[in-house]
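1. have a look at this fold, sequence not included:
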């Protein structure tokens, strides 16, 4: 598999999954179930997962696939793997707030190297190109032919007037306490992996996450941010966030433009 092979496939699958999700999102009603960890799952999560998984296995049968909705994949291990969150921001979806995304990423040797984040309700798609540069695509978002792409890059952060983005559904006092260590010009809330993309486009400078996440929540956004010149580090040590951990669970982390002078936890 080459990056030239990978990118058109994950872009197309994200768009197709987005169509499936929006069919359910705009319907009068949809089923919501509760998983063993008390997190919600909808028929949209499951339909998108089935579509993406089938597409990835058909295109890249030799690469390990880890997806949120397939628990059997969570015990698999490998240096190189595709990792999928078919519907990140299920709570945003259920409450019809629009801040949900489709996430597909490639992880190599502990690092997300390529990925796509698609927010179908917002009509925004971000992905890494084969050369590693991240772009945002505009236009019709045709499945088989990429439209106009604009390279994205992180901000040149002003540490006396930072733009902060934080979780919409999971913001808490610990997050606010950390944010208050910075000189903040403005703060915004966003759901799902869109927060990584807002840092990647320079719409925000820093996204601290003091809360539980899994690798499928973050890998695609991490790849997009890295391809725009950004970084993702552990909250406690400021060492790079690595992937392929036991159970695919993340520690707290900070995603940021390198110009931000990070504060200690």
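-> Cool, got the structure. Computed from a predicted model, the values in this text were never measured in an experiment. Numbers count the residues shown, from 1 in each chain.
2. contact partners for the closest residue to residue 99 other than its chain neighbours?
-> Once flanking residues are discounted, residue 99 sits nearest to residue 191: 3.0 Å by C-beta to C-beta, 6 or more residues apart in numbering. The way it works is simple: take the backbone N, C-alpha and C, and place the C-beta from them, glycine included. The contact partners of residue 191, by C-beta atoms under 8 Å, 6 or more residues apart in numbering, come to 89, 91-92, 97, 99-100, 167-169.
3. which helices and strands sit right next to the host helix or strand of residue 52?
-> Here residue 52 is covered by helix 43-59, with elements defined by DSSP states H and E. Helix 43-59 is packed against helix 3-25, strand 64-67, strand 80-88, strand 101-108, with contacts defined by 3 or more C-beta pairs under 8 Å, 6 or more residues apart in numbering; DSSP states H and E.
4. wait, which of the ones you listed is closest to residue 198?
-> With respect to residue 198, and counting by C-beta to C-beta, the nearest of the helices and strands packed on helix 43-59 is strand 101-108 at 11.8 Å.
5. so what are the sheet partners of that closest one and their directions?
-> If you go by DSSP bridges, strand 101-108 pairs up with strand 80-88 (antiparallel), strand 111-119 (antiparallel).
6. what's the angle from the first one to helix 3-25?
-> Interaxial angle of strand 80-88 relative to helix 3-25 (axes from the mean of the first three to the mean of the last three C-alpha atoms, to 10 degrees): 20 degrees.
7. hmm, who's touching the helix or strand that strand 80-88 is followed by?
-> Under the assignment DSSP H and E, the closest C-terminal helix or strand after strand 80-88 is helix 90-94. With contact meaning C-beta under 8 Å, 6+ apart, helix 90-94 is reached by 21, 25, 32, 39-42, 44-45, 87, 98-100, 168-169, 191-192.
8. these two touch, right, residue 63 and residue 79?
-> No - in terms of C-beta atoms under 8 Å, residue 63 does not count as a neighbour of residue 79; the distance is 10.8 Å.
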